[in-house]
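Asks: Need a 3D model of the following:
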Amino acid sequence: MKKNLKVHLLIIDPQRDFMPSPGSALPVPGANDDMARVATMIDRIGHKFEDIHVTLDSHRKIDVGHPGMWRDENGNAPSPFTIISDDDLVNGIWRPRNPHDVRRFIDYAKALKAGGKYPLMVWPEHCLIGTPGHNVQEDLMAALLRWEGSQFANVDYVVKGTNSYTEHYGALMAEVPDPDDPSTGLNTEFLKVFADADIVAVAGEASSHCVKSTVEQIADNIGDDQVKKFVLLTDGMSPVPQVGNGPDFPAIAAQFVKDMTARGMQISNTVEFLA
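Replies: Numbers count the residues shown, from 1 in each chain. Have a look, this model is predicted:
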């Protein structure tokens, strides 16, 4: 149904494996409550949305960010949350199981560092294609189905992360695009959708990673005059907690929100947005 104002909702990776629920692989504290609030908002103002976009983190067991890709000199897989640097690869502390990939991953780790990206991190296996953890959180899924029925529309599902050789936090492009795989480069068609919208509200998980990367990719590529149309729903996203002496992800997420507001994005929440 055509709307007078083109209001879009972008929900990033609202999948079960990111929910603090039994059996989830990579729970983000607060994510279930975030998605319940987003679901309530869709029921409240869904008739105002021209379109809803949901990105789906989609991985295979053998993936650059999963233990199955790596082994140490004794043949042991890394524990989740292990960080692998280019020096680790050069010195053989960690190696890809396929010895022909050593040079490729050294270059990959160097490219992450040169680009100011997160270092290569081994996560728990998550969002494996075809598993329950890949599915959308249940409260949100029910609301999306209600929206599709009431608005005679289909949710726009966007798959990302299927290339096993590069991380893909952001929905617009991979951390290090694979020149042999166009799907890892900038998704210009997705960007055009946002350029044509009047307002784009953003929620999802996690604010420290996939939300952050997606929104930054949009801001870097859509043009400064377009940035102000984006609204971050701060009660619809949460950060990955800090693990050990690793990066302070909650602080990084808080700085991300400050950086985006400094660039012109707006802040709201699921109760006040379009109230």
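Asks: Asp181 contacts Asn163, correct?
Replies: Yes. Asp181 is within contact range of Asn163, at 5.2 Å (criterion: Cβ atoms under 8 Å). C-beta here means a position set from N, CA and C on the backbone, and glycine is covered the same way.
Asks: what about these two, which has more around it?
Replies: Neighbour comparison, Asp181 and Asn163: the larger count goes to Asn163, with 19 against 13 (by other Cβ atoms under 10 Å).
Asks: can you pull the contacts of the more buried one?
Replies: Shown in contact with Asn163 (Cβ atoms under 8 Å, 6 or more residues apart in numbering): Ala174, Asp178, Asp181, Ser183, Thr184.
Asks: Contacts only, for Ile83.
Replies: Ile83 touches Pro119, Leu120, Met121, Val122, Gly246, counting by Cβ under 8 Å, 6+ apart.
Asks: Could you do His8 as well?
Replies: His8 touches Phe49, Glu50, Asp51, Ile52, His53, Val193, Phe194, Ala197, Ile199, Val200, Ala201, counting by Cβ under 8 Å, 6+ apart.
Asks: Which member of these exhibits the greatest number of neighbouring residues?
Replies: Ala201 leads the contacts of His8 on contacts (other Cβ under 10 Å) with 26 neighbours.
Asks: Relative to Lys110, how far out is that one?
Replies: For Ala201, the distance to Lys110 equals 37 Å [Cβ to Cβ, to the nearest Å].
Asks: go on, Val38?
Replies: 38 Å.
Asks: got it, and Val200?
Replies: Counting by Cβ to Cβ, the gap from Val200 to Lys110 is 34 Å.
Asks: Please apply the same query to Ile11.
Replies: Counting by Cβ to Cβ, the gap from Ile11 to Lys110 is 33 Å.
Asks: Could you check which of these two has the larger neighbour count?
Replies: Neighbours were counted for Ile11 and for Lys110 using other Cβ under 10 Å; Ile11 has more, 28 against 16.
Asks: So the more buried one sits against Val54, correct?
Replies: Yes. Counting by Cβ under 8 Å, Val54 is a contact partner of Ile11 at 4.9 Å.
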